[in-house]
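Participant: 3D, please:
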Amino acid sequence: MSVLLTIGTGKGLFLARSDDDRTSWQVSGPHFPTTGVYAVAIDTRGAVPRLHAGITSSHFGPSVATSDDLGESWHEPDHAPVAFPEYTGTSLGRVWQIAPGPADQPDRVYVGTEPSALFVSDDGGRSYDLVRPLWDHPHREHWRPGFGGQAIHTVLPHPTNLDSMLVAMSTGGVYRTADGGQSWSPSNTGIQAPFMPDRFPEYGQCVHKVATNPHRPERFFAQNHHGVYRSDDAGATWQSIADGLPSDFGFAMVVHPHHPDVIYNFPLSGERYPPEYRCRVYRSGDAGASWEALERGLPDENSYPSVLRDAMCVDDADPAGVYFGNRAGEVFASADSGDSWGLVAAHLPDVLCVRAAVVA
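Facilitator: Residues are numbered from 1 along each chain as shown. Now for the predicted structure:
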């Protein structure tokens, strides 16, 4: 089995490849050196995997590049693939999320951006159009930037219902559409915003990440700014599942690829350190009713780096691989669903995002 792990950092993209069931890794890069790579996707719907990388150059600005040969070569269009129309009066700050569409729409790709907007491509990611109904939403004037900016960082298309999608942003909260993007409704009932006068506002929550499993797409899990939640009704309402975690603050939330009740979280203290300065991933096997610390093979003391919202992922193998990178440039992998861990790479620039998949 061959697995590709993409590692987006503050100074380029690194690719790690394992051809021995994730026992050892060969790391190449940096691709796009000196650029910030905040979003990567591995699209396995076609005959060959297509890589998408959201790159941000301090000189040339933001763009999206694609590769059809696992990163051996890259294609960047002459025109900006993601650009705000002139009537919006704004410009693209950064691509925060790249999400392939449903399996029966192999050329559809979505991106979430800063400022908060959703774009869609129907040519495999070569060009994108703004989803105007979300951009024109009356709540837009009230969306405010969080510490990391004002951006749509989560895009979750329904795997079979083409009309249904969920997005999440900082700091606007969760929004859903049930009519193919023609209208959008806030979906934050039960999610607290302790920094606001109304602790349960209709919108304005600082959601850090939302995740789901395609085998149970009506269930979502969210890591909020102080709060961990589950929704069993497609995002209409949320309930806390933070009991059993050492902290309800963090950025990452990941769902096992085959078992919808198995989720992974990386708690942080309010100072953005791992609690007790111990590097531990937390796993729940019962949809958040209880949690266990996973630490075999991880640093057990004097660990200070944080894990960002897209810096944890799973692959689609069986048993599943679990991965995370931190802001100290370390990347860890587990080939047994989180029971044990090993170091993939160290001394990289700060890790912003990771994605993994089985590839031919």
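Participant: now the strands for the stretch 51-200 of the chain?
Facilitator: 61-67, 94-100, 109-114, 117-121, 129-130, 151-157, 165-170, 173-177, 185-186 (DSSP state E, counting those that start in this stretch).
Participant: out of these, which one sits most buried?
Facilitator: Most buried of the strands of the stretch 51-200 of the chain by mean neighbour count (mean count of other Cβ atoms under 10 Å) is strand 165-170; its value is a mean of 28. (Each C-beta comes from the backbone N, C-alpha and C, glycine too.)
Participant: what's in contact with that one?
Facilitator: 110, 112, 116, 118, 134, 143, 145-158, 174-177, 181, 187, 206-210, 212, 220, 222, 234-235 (Cβ atoms under 8 Å, 6 or more residues apart in numbering).
Participant: dump the strands of the stretch 51-200 of the chain to JSON lines, plus mean pLDDT and distance to residue 79.
Facilitator: Shown next, in JSON lines, are the strands of the stretch 51-200 of the chain (pLDDT from 0 to 100; distance: least, Cβ to Cβ, whole Å):
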{"stretch": "strand 61-67", "mean pLDDT": "93", "distance to residue 79": "10"}
{"stretch": "strand 94-100", "mean pLDDT": "97", "distance to residue 79": "15"}
{"stretch": "strand 109-114", "mean pLDDT": "97", "distance to residue 79": "15"}
{"stretch": "strand 117-121", "mean pLDDT": "98", "distance to residue 79": "13"}
{"stretch": "strand 129-130", "mean pLDDT": "98", "distance to residue 79": "13"}
{"stretch": "strand 151-157", "mean pLDDT": "97", "distance to residue 79": "22"}
{"stretch": "strand 165-170", "mean pLDDT": "96", "distance to residue 79": "25"}
{"stretch": "strand 173-177", "mean pLDDT": "97", "distance to residue 79": "28"}
{"stretch": "strand 185-186", "mean pLDDT": "97", "distance to residue 79": "33"}
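Participant: residue 323: which of the ones you listed is closest?
Facilitator: Proximity to residue 323, assessed across the strands of the stretch 51-200 of the chain by Cβ to Cβ, is greatest for strand 94-100 (17.1 Å).
Participant: what packs against the closest one?
Facilitator: Packing contacts for strand 94-100, counted by 3 or more Cβ pairs under 8 Å, 6 or more residues apart in numbering; DSSP states H and E, involve strand 36-43, strand 50-57, strand 61-67, strand 109-114, strand 151-157.
Participant: TSV for those strands, including distance to residue 89?
Facilitator: TSV is the format used below for the helices and strands packed on strand 94-100 (distance: least, Cβ to Cβ, whole Å):
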stretch	distance to residue 89
strand 36-43	24
strand 50-57	21
strand 61-67	17
strand 109-114	15
strand 151-157	18
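Participant: buried set for the helix or strand hosting residue 6?
Facilitator: Assigned by DSSP states H and E, residue 6 belongs to strand 2-9. Using 16 or more other Cβ atoms under 10 Å as the test for burial, strand 2-9 gives 3, 4, 5, 6, 7, 8, 9.
Participant: and the next element down the chain from that strand?
Facilitator: Downstream of strand 2-9, the first helix or strand assigned by DSSP H and E is strand 12-18.
Participant: what average pLDDT does the helix or strand following that next one get?
Facilitator: Per DSSP H and E, strand 12-18 leads on to strand 26-31 as the next helix or strand towards the C-terminus. For strand 26-31, mean pLDDT rounds to 96.
Participant: residues of strand 26-31 that come out buried?
Facilitator: Buried-residue list, strand 26-31, by 16+ other Cβ under 10 Å: 29, 30, 31.
Participant: what lines up beside it in the sheet?
Facilitator: strand 12-18 (antiparallel) (DSSP bridges).
Participant: tell me the mean pLDDT for the strand it pairs with?
Facilitator: Mean per-residue pLDDT for strand 12-18: 97.
Participant: any idea how far that strand is from the chain center?
Facilitator: 17 Å (Cα atoms, centre = their mean, to the nearest Å).
Participant: mind checking pLDDT for residue 303?
Facilitator: pLDDT for residue 303: 93.
Participant: residues near it, how many?
Facilitator: Residues lying near residue 303 (other Cβ atoms under 10 Å) number 18.
Participant: from what I see, it and residue 275 are in contact.
Facilitator: No: here residue 303 does not reach residue 275: they are 10.1 Å apart, not a contact under Cβ atoms under 8 Å.
Participant: for residue 5, give the beta-bridge partners.
Facilitator: With DSSP bridges as the rule, residue 5 is bridged to residue 16, residue 356.
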